[in-house]
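Student: Generate coordinates for the sequence data below:
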Amino acid sequence: MTASNQNRSQAAEAAEDRGSNGSANPTFGDVVAARFDRRDLLRGLLGVGAIAAVVTPRALAAREAVGPASPASDSRFPFAEIEAGSDAHHHVAAGHDAEILIRWGDPVLPGAPAFDPRNQSAAAQAQQFGYNNDFVGYFPMPGAADPAAHGLLVVNHEYTNEELMFPGLGRQDGKAVDFQGMTRALVDIEMAAHGGSVLEIRRRDGRWTVVPDSKYARRITATTPMALTGPAAGTDRVRTGADPSGRSVLGMINNCAGGTTPWGTWLTCEENINYYFSGALPKDSPEAANHKRFNLPANAYAWGRFHPRFDLGREPNEPNRFGWVVEIDPFDPTSVPKKRTALGRFKHEGAAGIVAKAGQYVIYQGDDERFDYVYKFVTLGRADSGDRDLLDSGTLHVARFDADGRGTWMPLVFGQGPLTPENGFASQADVVIGARLAADRLGATKMDRPEDVEANPKTGKVYVMLTNNGKRKADQVDAANPRADNRFGHIVELTPDDGDHAATGFTWEILVRCGDPSIAQVGATFSSATTTNGWFGMPDNCAVDGLGRLWVATDGNAPSRTGRNDGIWAVETDGPGRGTGKHFFRVPHGAEMCGPYFTPDDTTFFVAVQHPGEADEEDPKAVPATFEAPATRWPDFDPAMPPRPAVLTITRRGGGRVGT
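Tutor: The predicted structure is shown next:
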């Protein structure tokens with residue numbers, strides 16, 4: 001997920017908004033144009049500016065005229081959907097309970113101090129639950145009597161909202177929040193609030209709690225020692241003054257989504273790492289093109305003022321040590337996290353995997369920026385081999401979507417095709433460090449912000465969440481990205497050839513174009529069974545439950561954009577109801593929906609609510625939200641407490657599978 005406009009610098013946001021892909025590769029829009037007929041394409045082009053109509057009286061009248069549709073009679077989601085809207089609370093479908101499991105500042109490690117928002121310290125935060133919880137994963141406890149009632153929960157802490165975290169930083173004059181008041185002490189708190197948490201959790205009498213003083217409890221931060229492994233490890237481009245070996249890194253940052261592996265490890269993904277760097281590269285630096293392709297530096301945080309490694313003028317190689325998938329053993333709190341460089345360096349949204357026909361493990365990945373790419377990694381060895389370093393050897397691929405509905409996974413391998421010294425690639429290390437530049441050379445298809453990519457083990461199909469791209473122009477639309485000014489995003493469905501996820505060929509089609517279907521110019525394609533509450537925009541993360549049902553979490557819905565807050569929608573992928581959305585959960589004001597993950601029996605749905613209390617940043621009348629005046633004080637609703645990101649457990653009242 002891209003960090004909030006409110007708490008990032010204008011220069012950083014402008015760069016992210018443009019995207020950094022200057023290649024001449026075909027956009028997904030180019031492909032769509034060749035695949036769809038003129039009428040369909042015209043509807044896509046008419047999407048330009050349609051977002052502005054969403055909350056106008058005319059648009060609201062159009063919605064009312066359409067009225068609620070009747071749910072499909074054969075729906076695989078028989079729950080009664082909630083009403084779309086916006087308020088200070090969270091909401092879940094009738095017959096379900098959504099309860100807070102853990103919040104920012106709650107204790108994680110034994111002996112952690114109580115949370116005091118006006119007297120924070122880095123030492124305390126390093127023992128407490130971090131900020132902006134994103135990916136959530138669950139590992140059943142070995143030997144547990146009920147694997148779905150006792151296990152480890154792993155949680156990413158993506159980034160920090162200084163204006164909501166710290167007293168006195170937010171301005172009250174209606175202008176952007178100013179962070180020149182950041183000090184070394186506040187920066188160190190931020191660094192401790194990044195990373196991840198490992199929690200032991202147990203369900204008794206229907207309620208989940210964190211097991212206190214667990215031997216598994218762990219906090220990982222921006223200063224935790226980690227190892228670089230794979231082709232980039234030990235090479236010149238990752239060596240620094242503090243680490244001349246190029247094999248040891250302090251911390252992980254901006255960890256967005258992730259995945260879990262069959263061998264019991266947690267994959268956590270570094271995304272917008274450019275925000276943390278400042279300063280200017282030395283003149284004629286060989287890293288200039290690589291850093292530019294990553295929008296470095298973004299100058300959004302003050303870390304470089306107090307920690308020289310985040311200053312490009314002092315350590316130009318430090319950014320190459322971030323932007324990776326990190327593998328962590330949650331059952332060993334003394335283990336060293338490993339940054340698996342074979343999986344490529346870009347703005348990773350997720351790392352969900354599935355076992356291929358011959359036993360290799362295949363990890364799908366999205367690069368979350370406008371006009372960037374979809375990737376997958378295929379291990380050399382088998383998932384059941386017992387090799388704890390399986391992810392150090394394999395082949396990284398990038399996707400090309402063709403207009404005829406076919407697609408190709410192109411290998412990013414040094415010496416193959418254009419990935420040669422003549423084009424700036426002297427080794428596989430250069431390929432993975434500059435994965436974006438390598439994918440540019442191969443002619444990958446530019447996509448509309450690829451975020452989570454998940455395989456459905458029941459059907460073998462793969463779902464790509466494309467959040468939005470308001471910068472796609474009318475002459476850039478293509479088959480896989482069919483709308484200009486794509487403010488609402490869409491979901492693409494891939495089918496691997498011969499049902500084998502290791503195959504280099506696939507077919508694809510669009511499952512749904514998101515947005516309000518009552519506004520013709522938007523060009524949304526939800527089914528006619530979708531009610532006025534069931535459509536959504538900005539798909540971000542997703543989860544597939546044990547029945548093979550798709551659940552989609554969103555990032556970017558707000559009153560000024562869609563007239564509703566973010567949340568979770570169930571989406572029909574098969575049968576006559578294909579393309580039907582149904583609203584299941586809604587977040588409070590200013591929040592984003594993250595982390596959907598099920599227990600093995602689908603009786604608990606873990607979800608994460610990130611940055612509650614932010615202002616609606618596209619509402620010209622909105623006053624910047626601050627620690628003193630947030631948009632909501634969820635989940636405590638205590639005037640002495642700021643809003644607190646939190647993880648919730650959703651269960652069905654009386655027991656049973658969630659969503660039934």
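
Student: what secondary structure does residue 148 sit in?
Tutor: Here residue 148 takes the coil state, with states given by DSSP: H, G, I helix; E, B strand; the rest coil.

Student: Residue 603 is in contact with that one, correct?
Tutor: Yes: applying CB atoms under 8 Å, one finds residue 148 in contact with residue 603, separated by 5.8 Å. The C-beta positions use only the backbone N, C-alpha and C, and glycine is treated the same way.

Student: Neighbour count: the two, which is higher?
Tutor: A count of neighbours by other CB atoms under 10 Å puts residue 603 above the other of residue 148 and residue 603, at 20 against 16.

Student: Give me the phi and psi for residue 210.
Tutor: The phi/psi pair for residue 210 (degrees, to the nearest 10) reads phi -80, psi 130.

Student: again, but for residue 292
Tutor: Main-chain dihedrals, residue 292, degrees, to the nearest 10: phi -60, psi -40.

Student: OK, contacts around the closest residue to it other than its chain neighbours?
Tutor: Leaving out its chain neighbours, the residue that sits closest to residue 292 by CB to CB, 6 or more residues apart in numbering is residue 20, at 6.8 Å. Neighbouring residues of residue 20 by CB atoms under 8 Å, 6 or more residues apart in numbering: 292, 293, 294, 295, 369, 372, 436.

Student: Relative to residue 102, which of those is nearest.
Tutor: residue 369 (30.4 Å; CB to CB).

Student: what about that closest one, distance to residue 80?
Tutor: 38 Å (CB to CB, to the nearest Å).

Student: Report the contact partners of residue 457.
Tutor: Residues near residue 457 by CB under 8 Å, 6+ apart: 354, 544, 548.

Student: Tell me how many other residues crowd the last one.
Tutor: To tie it back to what came earlier, the one meant is residue 548. By the criterion of other CB under 10 Å, residue 548 has 15 neighbours.

Student: just checking, it touches residue 459?
Tutor: Yes: between residue 548 and residue 459 there is a contact at 5.8 Å, judged by CB under 8 Å.

Student: got a list of what the closest residue to residue 359 other than its chain neighbours touches?
Tutor: Nearest non-adjacent residue to residue 359, counting by CB to CB, 6+ apart: residue 382, 3.6 Å away. With contacts defined as CB under 8 Å, 6+ apart, residue 382 is in contact with 358, 359, 360, 361.

Student: tell me the SS of residue 375?
Tutor: strand.

Student: Quickly name whichever of the contacts of residue 382 is closest to residue 346.
Tutor: residue 361 (19.5 Å).

Student: how far away is that closest one from residue 501?
Tutor: For residue 361, the distance to residue 501 - CB to CB - is 9 Å.

Student: can you tell me the helix or strand for residue 164?
Tutor: Using DSSP states H and E, residue 164 maps to helix 162-165.

Student: Can you give the distance from that helix to the centre of its chain?
Tutor: 21 Å (CA atoms, centre = their mean, to the nearest Å).

Student: cool, stretch 215-230 as well?
Tutor: 20 Å.

Student: tell me the mean pLDDT for it?
Tutor: Averaged over stretch 215-230, pLDDT sits at 98.

Student: Ends of that stretch, what's the gap?
Tutor: 30 Å (CA to CA, to the nearest Å).
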